[in-house]
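[1] Fold the following, please.
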Amino acid sequence: MDNNQLKPREEVVEKIEYYIDKNQLRPHDKLPSERQLCEVLGTSRTTLRSAIKRLIMEGVVYSKRGAGTFVAPQKLVRNLQDMESLSKSAEEANKVLSTKVLFADIIECNKELSKRMKLTLGSKIYCLQRLRLIDGIPSMMELAYIDYSLCNGIEQYDFSNESLYRILGDVYNVKIDHGSESLSVTYVSEQESELLDVESGTPVFYIRGNVYTEDEKMVEFYKSIVRADQIRFSSVLKHYH
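    Residues are numbered from 1 along each chain as shown. A predicted model of the protein is given here:
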């Protein structure tokens, strides 16, 4: 990668951060328009957009589709090394979590899910897709596939209000013990941008994972896309001798 190509963007990133600090902008304050910022910062629109994308990934600003760019509030922190629920993380950060159910139904296991969940083709799966909002801001889309044989009748519950893991544990005695997940970066589609209220093509975190009981029974396979300006991930590094 050519460092000379990165330099203009990094300079504009620093200028935007200085502008926010100098003007004492607070969370959710709107930045000037692209044209105004280009004039104030003395840069091109292409470089400005690249710098703003970088600041969105760092959680300094966020973009609202059709409205502009705003100063981001402090992000919710998720620890990659524990299985704490999103609701508990939000509560500890004094943030309000709300949920909108986008899809909930029983489906048949296809080839992809059969391979992922080690189930036979045609097995029943409870499919649940939710939009999670933090302090009223759409922050995450979750798509969960649950082995229906473990939770017959779970479709009767309203997961816009109920906790999925609480129902699995308290009602069906399915005790979540551990899991694995991978994290990468992707870009939102037009449909996803509307639901998450961001510009199409905005970079987001993409997460895939599996959840197991203590005896290694797979309970759930899930996929999530997460707004990088609303949630950040942390991990603890240990040195082994």
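[2] Report how many residues lie close to Tyr18.
    The local packing of Tyr18 (other C-beta atoms under 10 Å) involves 11 other residues. Every residue, glycine included, has its C-beta placed from N, CA and C.
[3] Wasn't it part of a helix?
    Yes: secondary structure of Tyr18 (DSSP: H, G, I helix; E, B strand; the rest coil): part of a helix.
[4] Could you identify the helix or strand that succeeds the helix or strand of the chain with the lowest mean pLDDT?
    The helix or strand of the chain with the lowest confidence, counting by mean pLDDT, DSSP states H and E, is strand 76-79 at a mean of 66. Heading C-terminal from strand 76-79, the first helix or strand you meet, by DSSP states H and E, is helix 86-92.
[5] buried sites along that following helix?
    Neighbour-count burial for helix 86-92, counted by 16 or more other C-beta atoms under 10 Å, picks out 86-87, 89-90.
[6] what's the answer for stretch 10-30, then?
    12-13, 15-16, 20.
[7] Tell me how the chain divides into domains.
    Using automatic domain parsing, the domains assigned to the chain come out as 3-71, 76-234.
[8] which stretches of this protein aren't confidently modelled?
    1-6, 77-85, 234-241 (pLDDT under 70).
[9] What are the boundaries of the strands in it?
    Along the chain, counting by DSSP state E, strands occupy 61-64, 68-71, 76-79, 97-108, 124-134, 137-147, 178-187, 203-212, 218-227, 231-234.
[10] helices or strands up against the second one?
    What that stands for is strand 68-71. strand 61-64 (3 or more C-beta pairs under 8 Å, 6 or more residues apart in numbering; DSSP states H and E).
[11] what's around Lys118, how many residues?
    13.
[12] gap between it and Lys15?
    Separation of Lys118 from Lys15 (C-beta to C-beta, to the nearest Å): 52 Å.
[13] Same question for Lys115.
    The value you get for Lys115 to Lys15, if C-beta to C-beta is used, is 49 Å.
[14] ok, for Leu102, nearest residue in space, not its chain neighbours?
    Of all residues not flanking Leu102 in the chain, Gln129 sits nearest, at 4.4 Å (C-beta to C-beta, 6 or more residues apart in numbering).
[15] ok, the closest residue to Ser33 other than its chain neighbours - contacts?
    Distance criterion C-beta to C-beta, 6+ apart; nearest residue to Ser33, sequence neighbours excluded, is Gly68 at 6.8 Å. With contact taken as C-beta atoms under 8 Å, 6 or more residues apart in numbering, Gly68 is in contact with 30-31, 33.
[16] and with 10 Å instead?
    30-34, 61 (C-beta atoms under 10 Å, 6 or more residues apart in numbering).
[17] Across the sheet, point out what pairs with it.
    For Gly68, the beta-bridge assignment (DSSP bridges) gives partners Lys64.
[18] and the gap between it and Phe159?
    Distance from Gly68 to Phe159, by C-beta to C-beta: 33 Å.
[19] same deal with Val198?
    24 Å.
[20] cool, and Val96?
    17 Å.
[21] So for those two, which sits in the more crowded spot?
    Taking neighbours as other C-beta under 10 Å, Val96 and Phe159 compare with Phe159 leading, 18 against 10.
[22] wait, doesn't that one sit right on Thr99?
    Yes: Phe159 lies in contact with Thr99 (C-beta atoms under 10 Å); the separation is 6.8 Å.
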